[in-house]
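Trainee: next comes the sequence, and after it the predicted model I'd like to discuss.
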Amino acid sequence: MTVKLIRNAYEASLAMTAVLLCWAAALWLEGAAGLHADVLVLAVALTLPLASVQRTADTRGRLMSFVLLPAVAGVSILLGHLVADHYAVGAAVFTLGISLPIWIRRFGPAATKAGTLMTLPLIALLVVPGPALPPKAQSSLVSWGWAALIGLLACGCVRLVQALADLPHVLRTRGDPHGPWGPEPAPDRPRRPSRLRPRPSTRMAVQMAAAVAAAFTLGRLLFDQHWPWMVLTAYVAASGNRGRNDVVRKGVERLVGACAGTVLATGVAVAGITGRTSVVLIFVVLAVALWLRPLNYAYWAAGMTTALSLLLGYYGQDAQSLLPTRLEAIALGAALAVASAWWLLPVPAPRRQGPSGSSPRLPDTGHRHA
């Protein structure tokens, strides 16, 4: 456990270094170009998950991120305006956009990685979308071009930090005939075609679409402009589906984590922490949550709940009074994901051991990155 915590701390420090670097660059860009503070939120929301996704990516995956992430980041901003102006149409487009990356996993590892990159800006849109902010924060949303630039900036910061972290290994292996990274890895074995019909990726895409569409509908009816909390939870609980019980576990972990985050956020609100101090505390909370996340997803859910509450408080919302609403939205979002996974084309849980004693290849459920 001690070794794991040390390793997690190292990886978390790399991710937070990239986040702070991108945030600082976005802060300078905001002042130089007269942009709105939304660019700072977007920079953090893109860099944080990207740092984890790209840590083990190969050269092709890194190059792919420089193309896909800025493009989808720009489109996501336009999608945010569409949701704000035409909710039903925007919700339908978002549902299609969040389900398509799951469906294309059938085409192999490259498509799976591309789908992961395509998803990140859409999730960032749910963190603090324009309609969830007070009126003063909605007047000058960053345009799609600036959003694409922030996406490119996030890719550059992640690549720079990870390259510097790997530099000692490169220097130690200089002169190695196989290069700094050792011999070329063997190509991925082709996936065995699944006997399940429809395919697991298709089932998961349908489940995701159903859960997210229901969350958009009920979220707007029950929680008005706070619908993103319900949609985000439905996505998180349904993503990386490894069977019915897995979806239930993730839903429970997110709810438990959110409850713990509620207690922390309430304590911060009672202490009267505001302004720049709250910004510093947001980064501290994210760092701790990122460090403990591999141990249990509930830690990450608690950290995100606390950080988002602090962020809403920074923008002028009474985060403390909104916490019960957040918990209700999270509980309902998790329930929608569970219902979709259990009764709509359920995905069989992978067996722990095959007939010959070896672990069978898992169905094409893709990566868990939310």
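Mentor: Thanks, I have the structure now. Numbering: from 1, shown residues only.
Trainee: isn't residue 344 right up against residue 204?
Mentor: No: contact status for residue 344 versus residue 204: not in contact, 10.3 Å apart, counting by CB atoms under 8 Å. C-beta coordinates here come from the backbone N, C-alpha and C atoms, glycine included.
Trainee: same drill for these two, tell me which one is more crowded.
Mentor: Neighbour count, other CB atoms under 10 Å: between residue 344 and residue 204, residue 204 has more, with 28 against 13.
Trainee: tell me which element the more buried one is part of?
Mentor: helix 200-223 (DSSP states H and E).
Trainee: okay, now the unreliable bits of the stretch 1-150 of the chain?
Mentor: Counting by pLDDT under 70, the ranges of the stretch 1-150 of the chain that qualify are 128-142.
Trainee: relative to residue 100, how far out is residue 123?
Mentor: As defined by CB to CB, to the nearest Å, residue 123 lies at a distance of 14 Å from residue 100.
Trainee: what segments of this structure are helices?
Mentor: 2-33, 38-54, 59-85, 87-103, 109-127, 144-172, 200-223, 227-238, 244-271, 275-292, 297-314, 319-343 (DSSP state H).
Trainee: could I get the ones you listed as TSV with distance to residue 349?
Mentor: Formatted as TSV, the helices of the chain follow (distance: least, CB to CB, whole Å):
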stretch	distance to residue 349
helix 2-33	25
helix 38-54	25
helix 59-85	28
helix 87-103	18
helix 109-127	20
helix 144-172	33
helix 200-223	11
helix 227-238	15
helix 244-271	6
helix 275-292	26
helix 297-314	18
helix 319-343	11
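Trainee: just name the most buried of those helices.
Mentor: Counting by mean count of other CB atoms under 10 Å, helix 227-238 has the highest mean neighbour count of these, with a mean of 27.
Trainee: give the rounded mean pLDDT of it.
Mentor: Throughout helix 227-238, pLDDT has a mean value of 90.
Trainee: that helix to helix 297-314, inter-axis angle?
Mentor: Orientation check (axes from the mean of the first three to the mean of the last three CA atoms, to 10 degrees): helix 227-238 against helix 297-314 gives 170 degrees.
Trainee: and the angle for helix 227-238 with helix 200-223?
Mentor: Angle, helix 227-238 to helix 200-223, by the same axes, to 10 degrees: 150 degrees.
Trainee: who touches helix 227-238?
Mentor: For helix 227-238, contacts defined as CB atoms under 8 Å, 6 or more residues apart in numbering pick out 94, 98, 123, 126-127, 129, 132, 204, 207-208, 211-212, 214-216, 218-220, 222-223, 247, 250-251, 254, 325-326, 329-330, 332-334, 336-338, 340-341, 370.
Trainee: quick one: distance of stretch 212-223 to the chain centre.
Mentor: 20 Å (CA atoms, centre = their mean, to the nearest Å).
Trainee: what does stretch 14-30 give?
Mentor: For stretch 14-30, the distance to the chain centre is 17 Å (CA atoms, centre = their mean).
Trainee: do stretch 148-157 as well
Mentor: Distance, centroid of stretch 148-157 to centroid of chain: 16 Å (CA atoms, centre = their mean).
Trainee: mind exporting the C-alpha coordinates of that stretch to CSV?
Mentor: Extracted in CSV, the C-alpha atoms of stretch 148-157 (Å, rounded to 0.1, in the frame of the first residue of the first chain):
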residue,chain,number,x,y,z
ALA,A,148,-9.6,25.1,-29.6
LEU,A,149,-6.5,27.1,-28.6
ILE,A,150,-7.0,26.1,-24.9
GLY,A,151,-7.3,22.5,-26.1
LEU,A,152,-4.0,22.8,-27.9
LEU,A,153,-2.4,24.4,-24.9
ALA,A,154,-3.6,21.6,-22.7
CYS,A,155,-2.0,19.0,-25.0
GLY,A,156,1.3,21.0,-25.1
CYS,A,157,1.5,21.3,-21.3
